[in-house]
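Q: Generate coordinates for the sequence data below:
(chains A and B)
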Amino acid sequence: MILALQARLADALRAAARDAFGVDPGAVGFQYPPDPAMGDLASSAAMSLAKAQRRNPREIAAALAERMAKAPGVSRAEVAGAGFVNLFLDRGAALGTLAAGLRDPQPAAAVPGHAIVEHTSINPNKAAHVGHVRNAILGDTFVRILRARGHDVGVQNYIDDTGVQVADVVVGFLHLEKKALAEVAAIPGRFDYYCWDLYARVGDFYAAAPENKAKQAEVLHAIEAGSNDVAALAEHVAARIVACHLETMARLGIRYELLAHESDILRLHFWNRAFALLKDAGAIRLVTEGKQIGCWVLGMGKGDDAAAVDEDKILVRSNGTVTYTGKDIAYQLWKLGRLDRDFRYRLYREEPDGHKVWQTTSGDSDPGAPRFGHARDVYNVIDVGQSYPQRVVKAGVAALGFEREAAGTHHLAYEKVVLSQATAKALGYEVADEGGAVKVSGRKGLGVKADDLIDALERKALAEIEARDPERPAEQKQRTAREIAVGALRYFMLRYGRTRVLTFDLEEALAFTGETGPYVQNAIVRARNIFAKLEAEGHRVEALLERARGLDLGAMLDGDEGAEIWALALLMARSEEVAEAAVASEEPSLVARHAFAVAQAFHGYYQKPKYSLLRAESEDRRALRVLVVDAFVRQMTALAGLLGIPVPERM
RNA sequence: GCGCCCCUAGCUCAAUUGGAUAGAGCAACAGACUACGAAUCUGUAGGUUGGCGGUUCGAUUCCGUCGGGGCGCACCA
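A: Have a look, this model is predicted:
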C-alpha cells in the first residue's frame, strides 16, 4: 500500500520540481515526521535542491508544497523545519485502501531469478547449541521475508560430514569407548546429547597425550579415503546427528529444501573443475619463490574494495591438496550455476504436508528431483568470524570474470552468542565477578543446548498458563506452551542487529513481558477474542465490516480516536516497506522491531475502555472499530508469519 | 603490525543510512482490573551519543585522531 503510494508521490514531487525549477531531483525518498501532527510523510528534497539552486530551502519547499497539495491522495502540504515538505494524506481513503488490501492481499510482484539461502550448517557431530539457533532463526526469517517480497528462494543446509569435528567423535567411539558401528548404532536415546558429552571427552583425550591427537589425522584420512569401517562409522554418526538437528529445527518451524554434503563435493570432484576454470581464466597463479612456493594462490588486496591484505590466499597447498576456502569457491560456483558440474539428488524425506527435503548424493540421481543451484543471489548465513574467507570466495568468483555472480554473493554475517554472567553461573562456569558476558567454549561440553533451551521455555510457558487458566484441557495447554516458547525464542534471537554480540540470559529469554514474542502473540489473541464476543452478543462481524465499507471514513477519523486509529493504520501500512528494507539491508531485525511497534500501538488503542467495541456509542462507530481490529489481526498475523512466530488460539 | 565490528539512559538495545525535540524494553517509582483477557495500559524519573578536532544548512551517523572492548589476518577444517 504505502510503497505504491510513495512511488506515485515521488513522481508527483519530481514533476513539481521540474515545473517550478526546471530540474529533476532524481530519486526522492520519503521520511516520517517525528510527530504525526506534523504530517504523514516528509520529503527533504527541497534541502537537497537548495544547494544547486542557491536559494533558500524554505522558499523551494514552499513552491513544492503548493504543487504537492494537489497530488492525488494528498489532502494538504506544509513547509516545516529547515525546509521539509510535509504531506498530509487523505486519511479516509488511505484507511479504506489499507483495509481492502489486507482483506484481499495481492502477492508481491515476482522478482526474477532464483535465490539460495544457506543456513544452519552445523557440524554433524553433536547437539545444536544457542549459537546455531541464532544462525537458523536468522536464515529462516530472512527466507520468509524474501518470499513475501516475491523472491523465489531455495533453502540449503550444508553438511560437513567429512571434517575434523566428525572425526573427533569417531575417535571417541573407537578409542575411548571401543565401540564399532554395530554398537554405536545400538546406542538408544538422544544420540546428539550422547555425542555432545563424548566430544568433550575427546578434547581431554587429545590434551592428555600427543599420540592421542595423532588418532585424529588417522581417522580423518580414513574418512576421506572412504569404503572402510571408519568411514562407515563416520557416515552413521553424521546421518544420525543431522536427523537430530532437523528435529530440533523443526520445533522452531525451520526446514530445508536441500541437504548438501561435503562428501559429495569431494566425490564428484567439484574442486578439480573449479581449479581448471581458475587456471584457465588466469585467476590464480603458481608461486615460484618465497615462502608460498609451490602453492596456487588467489590474488587478494588489489581489488578496489578488498581492503589491503598483504599476502595472497592459498587455495592449493604445496603438497597439491586443496584448502577449505578453495572447496568453498567451487561450491559457491555451483550455487551460482557457474560450475558446469552438478550434484546428484535423492529424496531425504517427504513431510506430512507434502514438503520434500532432498539431499545430495554421488550415487544415482532421482529423475524426479527438481533443479538446484543456478541462483542469481546466494545468501550464506555464517558467523562474522568467517568474513575473511567469505571475502576470498567472493573474490574468487570475481576473478573468473563473473561480476554479476560476485555481486550476488552475500555474506549474512552474524555475531556470536555469549552468556550473561548469571546464566553462565547457572550452567556451572567459573566466572570472574567483575567481567561482563561470558564466552562459551564448544570444546568443554558446557554451553546451552538448543533443545534444553526450548524445553525450559516450554515449561515456563506451561507454568504460566496453569497459573492463569488451569481449567483448559491438558493437550491444549501443551500446544499453546509450545507456540509461546517458539515465539519467545524467535523474537529474542531476532530483535538485535546481526552484528551485535548477543548476550544470552535465560531469565530474559524466559520473560514474557516487554519487547518479546509473547507480547506480539498476545496482541493478536486479544484482538481476535473480541470478534467471538461480538458474535456471542448478537453482533455480526461480517455485516459490520460491510457497513464499514460504506462509511465516510475521512469524517470519522476526526478527533482523538481518529488520531489514534490513523497512527496505527499508517504504522501497519509501512509493513511492506519495512520488509523491503529488511531485504535490501539483509537485516531481519527491522521486521521484528516493526512487529513489536505495531503490537504496541494496538495494545495502547485497544486498552482504552472508551474505544469499546461491545459498548460502542453507535453502529457506525462499532463498524469503524471492527474494521480497525480486523485490519490489525490480518496485518499482525502476516508479520508474525514473516518472523516465524506462531499465533496461538489463546494465551 | 594490518583489516573489520562495537562503544548511545543504571542494564539490554533502536534511531527510517546525513534530518526535525536521540527513542523502546527491562530495572526503579506512582497509578489503573466485580475484566471487549492486566502476558495489558497510563504517568514520573533517567542523556555532554567514549574524549578531542574537522566537513555543512544540519552529525549518534561521514572524515581524522586518541582511549576502551571484541574478532579476523593458517600450506586448520
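
Q: OK, now which residue of chain A is nearest to RNA strand B?
A: With CB to the nearest atom of the strand as the measure, residue A:514 is the residue of chain A nearest to RNA strand B, at 2.4 Å. All C-beta atoms are positioned from the backbone trio N, CA, C, and that covers glycine.

Q: Can you list phi and psi of that residue for me?
A: Recorded main-chain torsions at residue A:514 are phi 90, psi -150, according to degrees, to the nearest 10.

Q: Can you give me the separation between it and residue A:575?
A: In this view, residue A:514 and residue A:575 are 22 Å apart by CB to CB, to the nearest Å.

Q: Now stretch A:153-170: buried residues?
A: Of the residues in stretch A:153-170, those scored as buried under the neighbour-count criterion (16 or more other CB atoms under 10 Å) are A:153-163, A:165-170.

Q: I meant to write stretch A:273-287 there.
A: Within stretch A:273-287, the residues that count as buried by 16+ other CB under 10 Å are A:273-275, A:277-278, A:283-284, A:287.

Q: Are that stretch and RNA strand B in contact anywhere?
A: No - against RNA strand B, stretch A:273-287 shows no contacts by CB under 7 Å from any atom of the strand, the least distance being 7.6 Å.

Q: Quick check: end-to-end length of that stretch?
A: End-to-end distance of stretch A:273-287 (CA to CA, to the nearest Å): 20 Å.

Q: Repeat that for stretch A:79-95.
A: Criterion CA to CA; first-to-last residue distance in stretch A:79-95 is 24 Å.

Q: For stretch A:331-341, buried residues please.
A: Of the residues in stretch A:331-341, those scored as buried under the neighbour-count criterion (16+ other CB under 10 Å) are A:331-339.

Q: Rounded mean pLDDT for it, please.
A: Mean pLDDT, computed over stretch A:331-341, is 96.

Q: Name the residues that touch that stretch?
A: A:116, A:118, A:156, A:158, A:260, A:265, A:268-270, A:273-274, A:277, A:330, A:342-343, A:373-375, A:378, A:393, A:396-397, A:400, A:402, A:405, A:408-409 (CB atoms under 8 Å, 6 or more residues apart in numbering).

Q: Generate a PyMOL selection restricted to the buried entries among those residues.
A: Here is the PyMOL command that picks out the buried ones among the contacts of stretch A:331-341, judged by 16+ other CB under 10 Å:
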select buried, chain A and resi 116+118+156+158+260+265+268+270+273+274+277+330+342+343+373+375+378+393+396+397+400+402+405+408+409
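
Q: Filter the contacts of stretch A:331-341 down to the ones in strands?
A: For the contacts of stretch A:331-341, membership in strands holds for A:116, A:118, A:156, A:158, A:260, A:378, A:409, with DSSP state E as the criterion.

Q: Isn't the fourth one up against residue A:116?
A: No - at 10.8 Å, residue A:158 and residue A:116 do not qualify as touching, with contact defined as CB atoms under 8 Å.

Q: can you tell me which residues contact residue A:508?
A: Residue A:508 is in contact with A:420, A:492, counting by CB under 8 Å, 6+ apart.

Q: Wasn't it part of a strand?
A: No - according to DSSP: H, G, I helix; E, B strand; the rest coil, residue A:508 belongs to no strand; its state is helix.

Q: now it: how far from residue A:648?
A: Computed with CB to CB, the distance linking residue A:508 and residue A:648 is 21 Å.

Q: same deal with residue A:236?
A: 39 Å.

Q: Repeat that for residue A:20.
A: 54 Å.

Q: Between these two, tell me which one has more neighbours.
A: Neighbours around residue A:20 and residue A:648, counted as other CB atoms under 10 Å, are more numerous at residue A:648. The numbers are 21 against 16.

Q: does the more buried one really touch residue A:485, like I thought?
A: No - under the criterion of CB under 8 Å, residue A:648 makes no contact with residue A:485, lying 10.7 Å away.

Q: hmm, the helix or strand containing residue A:236 in reach of RNA strand B?
A: If you go by DSSP states H and E, residue A:236 is part of helix A:229-251. No - in terms of CB under 7 Å from any atom of the strand, no part of helix A:229-251 sits within range of RNA strand B; the closest distance is 12.1 Å.

Q: Can you list the neighbours in contact with that helix?
A: A:120, A:122, A:124-128, A:132, A:136, A:159, A:161-162, A:166-167, A:169-170, A:173-174, A:180-181, A:184-185, A:190-192, A:195, A:219, A:222-223, A:225, A:255-256, A:259, A:263, A:357, A:450-451, A:454, A:482, A:486.

Q: Restricted to strands, list these.
A: Cross-referencing the contacts of helix A:229-251 with the strands (criterion: DSSP E) gives A:159, A:259, A:357 as the overlap.

Q: Adding distance to RNA strand B, write these out as TSV.
A: Rendered in TSV, the data for those read as follows (distance: CB to the nearest atom of the strand, whole Å):
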residue	distance to RNA strand B
A:159	12
A:259	17
A:357	24
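
Q: And stretch A:631-648, how far out from the chain middle?
A: The offset between the C-alpha centroid of stretch A:631-648 and the centroid of the whole chain comes to 16 Å, using CA atoms, centre = their mean, to the nearest Å.

Q: I'd say residue A:149 and residue A:581 touch.
A: No - no contact is recorded between residue A:149 and residue A:581 when judged using CB under 8 Å, the distance being 10.3 Å.

Q: neighbour count winner among the two?
A: A count of neighbours by other CB under 10 Å puts residue A:149 above the other of residue A:149 and residue A:581, at 20 against 14.

Q: what's near enough to touch that one?
A: Residues touching residue A:149, when contacts are defined by CB under 8 Å, 6+ apart, comprise A:108, A:111, A:576, A:579-580, A:583.

Q: Against residue A:76, how distant is residue A:208?
A: Between residue A:208 and residue A:76 the computed distance is 79 Å (CB to CB).

Q: neighbour count winner among those two?
A: Regarding residue A:208 and residue A:76, a neighbour count based on other CB under 10 Å identifies residue A:76 as having more, with 14 against 10.

Q: ok, the more buried one - contacts?
A: Contacts were defined as CB under 8 Å, 6+ apart; by that measure residue A:76 touches A:69, A:87-88.

Q: about what we covered before: neighbour count winner among residue A:514 and residue A:575?
A: Counting neighbours by other CB under 10 Å for residue A:514 and for residue A:575 shows that residue A:575 has the greater number, 23 against 9.

Q: That one touches residue A:597, doesn't it?
A: No - counting by CB under 8 Å, residue A:575 stays clear of residue A:597, with 10.2 Å between them.

Q: And the helices in the stretch 101-250 of chain A?
A: Counting by DSSP state H, counting those that start in this stretch, the stretch 101-250 of chain A forms helices over residues A:130-148, A:164-171, A:181-185, A:191-208, A:210-225, A:229-251, given from the N-terminal end onward.
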